[in-house]
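> Everything below, folded, please.
(one chain, ligands or ions: 1)
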Amino acid sequence: MLDFYNIKDGFPESSIRFQNNIREVLDRNLASQINTLWNENRFANEIKDVLANIGAFGELKPINNNSPLNYLEYGLLMYELERIDSGIRSMVSVQNALTIYPINQYGSAYLKNIYLEQLQKGAVVGCFALTEEGGGSDPGGMKTTYTKKGDKYIISGQKSWVTNATFANLAIVWAKEAKTKSISGFVIPTDSSGLKICPIEDKMSLRLSPTAHIELDNVAVPLSHKLPGASGLSPALSCLAQARYGICWGVLGALESVYEEALSFSKSRFTFGTSLSSKQLIQNKLADMVSMHTKGLLLSYQLSLLLTKGMPSIAQISLAKRENARAALVSARSAREILAAHGITLSGNVIRHMLNLETVDTYEGTYDIHTLILGKTITGDPAF
Ligand SMILES: Cc1cc2nc3c(=O)[nH]c(=O)nc-3n(C[C@H](O)[C@H](O)[C@H](O)COP(=O)(O)OP(=O)(O)OC[C@H]3O[C@@H](n4cnc5c(N)ncnc54)[C@H](O)[C@@H]3O)c2cc1C
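Residues are numbered from 1 along each chain as shown. A predicted model of the protein is given here:
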């Protein structure tokens, strides 16, 4: 791992071994086919198998208390996944932080019993449906409703931009009680009558990670499929906090990938008689990338320590998500500039990472929304 400040010196040996092993497996099994799959706009089942084999779904301590992995290792796993592709990290984030986590944290014994083990094996895939067409930044404004009718909840509405939805077996859907407007979460099998998955085919970002809108037309859900511990918007936001932690680490993997490619290109490309790497303007770009990566790693490592002690504040997680996602996006754009024409094709990884990172900078709270969260925390004045 790129580590300009020897931050890894603070990591336990076992965590370093874990990371090296994940990198080796992913490089051997996935790296060479990623550009093709991305170009074909498809998430191959083989990817899920590789992920299941490395325990990406099942062994995460922040998600599953029985796990041998600690918060640092979870972060390192995210780093390695996103070094390959942000879409793969997204798939795993949704499975872990946005499906297993809410069921584990807010679900009944019944729901845990039927779903957790299968989710952890990757035999069942989940998705998380919070955003609606009216605006993802303001999930409290959701229009999807539920009403209790006999032994069922009837859910109607529309959810947008749902990662994994095209191949998910279940959806965690957030809805408002029709009269009281109180928000609750539901675990809904995606083959339920009245639930329609509408794939988004023309994404130019995260092409490896299928996304869909979900229409819910009077979907009848058994009472037992409501998350009993999840009332109000805070539980949904707590899931996002888990996912954002993974993003803070993940994007640094993508940053390392674009930096390495730009550095290597700069050494082999000659203009005006000398290598690009010997030009001050190119060195400036590379120095910025290493600087941003180093600062990002310090933030992520410190967040892992805060998580180990207890949950960091939402604003602390916001700061790192805002900073690291933007740093990776800016670095990818800069790497693309160094590669110039070569940077726009899939002969390398830079343009793919760059386009992916446009989404990562947007989802799980845009840069500006995290600015507003920080602004409110600093001043006490909400400016949303
Ligand atoms: C590929 C992809 C996958 C996704 N996966 C999921 C998923 O699995 N589940 C899910 O629920 N959602 C998912 N999302 C949705 C994502 O979380 C939202 O796109 C994101 O929250 C932003 O919402 P929006 O796109 O509706 O933009 P809007 O909320 O409409 O915002 C538009 C612009 O206005 C700005 N803005 C908004 N409010 C303010 C304000 N008060 N002051 C100043 N500026 C403001 C925003 O920063 C943004 O620039 C996904 C999105 C993408 C692109």
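> So which residues on the stretch 1-150 of the chain come close to the ligand?
Within the stretch 1-150 of the chain, the residues that sit near the ligand (Cβ under 6 Å from any ligand atom) are 94, 128, 129, 130, 131, 135, 136, 137. Quick note: C-beta positions are derived from backbone N, CA and C, even for glycine.
> I'd assumed residue 161 was in contact with residue 132.
No: assessed by Cβ atoms under 8 Å, residue 132 is found out of contact with residue 161, at 9.1 Å.
> Quick one: mean pLDDT over the helix or strand harbouring residue 95.
Element membership for residue 95, per DSSP states H and E: helix 86-95. Mean per-residue pLDDT for helix 86-95: 97.
> can you check stretch 199-210 too?
96.
> For the closest residue to the ligand within the chain, which non-adjacent residue is spatially closest?
Proximity of the chain to the ligand (Cβ to the nearest ligand atom) peaks at residue 136, 2.4 Å away. Among residues not flanking residue 136 along the chain, residue 161 sits closest, at 6.7 Å (Cβ to Cβ, 6 or more residues apart in numbering).
> Describe which strands the host helix or strand of the one you found pairs with in its sheet and in which direction.
Assigned by DSSP H and E, residue 161 falls within strand 152-163. Applying DSSP bridges to the sheet, strand 152-163 is found paired with strand 145-149 (antiparallel), strand 211-222 (antiparallel).
> Give me the distance from the longest one to the chain's centre.
Pointing back at strand 211-222 there. Remark: strand 211-222 is offset 23 Å from the chain centroid, using Cα atoms, centre = their mean, to the nearest Å.
> likewise stretch 174-186?
For stretch 174-186, the distance to the chain centre is 25 Å (Cα atoms, centre = their mean).
> Buried ones in it, by neighbour count?
Buried residues in stretch 174-186, counted by 16 or more other Cβ atoms under 10 Å: 174, 175, 176, 183, 184, 185, 186.
> Out of those residues, which is nearest to residue 275?
The closest of the buried residues of stretch 174-186 to residue 275 turns out to be residue 174 (Cβ to Cβ; 53.2 Å).
> so that closest one makes contact with residue 143?
No: the criterion here is Cβ under 8 Å, and residue 174 misses it with residue 143 at 11.3 Å.
> picking that back up, which elements pack onto the helix holding residue 95?
helix 45-53, helix 71-84, strand 126-129, strand 152-163, helix 234-268, helix 350-362 (3 or more Cβ pairs under 8 Å, 6 or more residues apart in numbering; DSSP states H and E).
> out of these, deepest packed?
Comparing the helices and strands packed on helix 86-95 by mean neighbour count (mean count of other Cβ atoms under 10 Å), strand 126-129 ranks first with a mean of 28.
> and for that one, what are the contacting residues?
94-95, 98-100, 102, 115, 119, 159, 162-165, 168-174, 190, 214, 239 (Cβ atoms under 8 Å, 6 or more residues apart in numbering).
> how does it look with 6 Å?
94-95, 98-99, 159, 162, 164-165, 168, 170-173, 214 (Cβ atoms under 6 Å, 6 or more residues apart in numbering).
> The residues of the stretch 1-150 of the chain next to the ligand: which two are farthest apart?
Taking Cβ to Cβ as the measure, these span a maximum distance of 20.2 Å, between 94 and 135.
> Next, the residues that contact the strand holding residue 161 from outside, please.
90, 94, 127, 129, 131-133, 143-147, 175, 209, 211-216, 218-221.
> Select only the buried ones of those residues in PyMOL?
In PyMOL, a selection of the buried entries from those looks like this (16+ other Cβ under 10 Å):
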select buried, resi 90+94+127+129+131+132+144+145+146+175+209+211+212+213+214+216+219+221
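> domains for this protein, by residue range?
7-121, 126-231, 234-379 (automatic domain parsing).
> in the chain, which residue is closest to the centre?
residue 90 (3.8 Å; Cα atoms, centre = their mean).
> can you pull the contacts of the residue lying closest to that residue once chain neighbours are set aside?
Residue nearest to residue 90 in three dimensions, not counting chain neighbours: residue 209, with 4.5 Å by Cβ to Cβ, 6+ apart. Shown in contact with residue 209 (Cβ under 6 Å, 6+ apart): 87, 90, 91, 163.
> thinking again about what came up before, would you mind identifying the next helix or strand past the helix holding residue 95?
Following helix 86-95 in sequence, per DSSP H and E, is helix 101-106.
> Now tell me what touches that next one from outside.
Here helix 101-106 has contacts from 63, 111, 115, 172, 227, 229, 230, 235, 239, 242, using Cβ under 6 Å, 6+ apart.
> Before I go, just wanted to say thanks for your time.
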